[in-house]
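J.: Next come a sequence and a model predicted from it.
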Amino acid sequence: MKRIWGIVLMFITVLAVLGCGTDSITGGSGKSIFTEPGLAAKAISELKETPALKGKDIQVFQNVLVSDLKGVGSRIDINILVPDTNDKVDNYVYQNGKWAAPQPVQISGDGDMKDNVMPLDAIDYSKIPDMYIAQDKAKEIEGGKVDEQLIYIFKINERKYDAHLKIEGAREKFDAIFDSKGNLIEMKKE
């Protein structure tokens, strides 16, 4: 009887392990947005197909955050000007392999909205894995580790995006700065 219970418990354990999998760290897909070619671009293509945005001129409001955090997984956080408006912004979040419903964003200030938006396609999302070459620099630094967040910062006066990926070591820090097309501009020591 003990042997039967042992087999049953082993079977249940195997089912539990197979059922849970290991995808929770990477957002359900098992793939990192930083290392999996095409994953970020695919997510953006899916965003363009959402009912509120399909066939519309999609304008990004200010910054874009791309991350791959333990326990959260691959994530894109992006604010988009609601199509056919000039004063409403919605936040879209990609996580667990899908886009959540848009959430309204409170905006403040008296600036002109057209000065704070850029086309969604101004950023080449397919280049994100190429930008993770910062990993190579991290290997050269004592205790070096690449941050799990890539931030596209909108430079209003220059009407362009720069992407920043931080590298932190035991004795020094670097900021890998890329243009919106994924080209390394500078590896700046902080």
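T.: It's in.
J.: Next, count neighbours for Leu65.
T.: 15 (other C-beta atoms under 10 Å). Using the backbone N, CA and C atoms, a C-beta is placed for each residue, glycine as well.
J.: And the strands in this structure?
T.: Using DSSP state E, the strands of the chain run over residues 59-69, 73-81, 89-95, 98-99, 103-105, 117-119, 145-155, 160-168, 173-179, 184-189.
J.: hey, C-alpha coordinates of the last one in CSV?
T.: Coordinates of the C-alpha atoms in strand 184-189 are reproduced here as CSV (Å, rounded to 0.1, in the frame of the first residue of the first chain):
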residue,chain,number,x,y,z
LEU,A,184,24.8,52.5,-29.9
ILE,A,185,25.6,56.2,-29.5
GLU,A,186,27.7,56.1,-26.4
MET,A,187,28.7,54.0,-23.5
LYS,A,188,28.9,56.6,-20.8
LYS,A,189,30.6,56.1,-17.4
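J.: Now do that strand: which elements does it pack against?
T.: strand 173-179 (3 or more C-beta pairs under 8 Å, 6 or more residues apart in numbering; DSSP states H and E).
J.: Distance check, Lys42 against Glu36.
T.: 9 Å (C-beta to C-beta, to the nearest Å).
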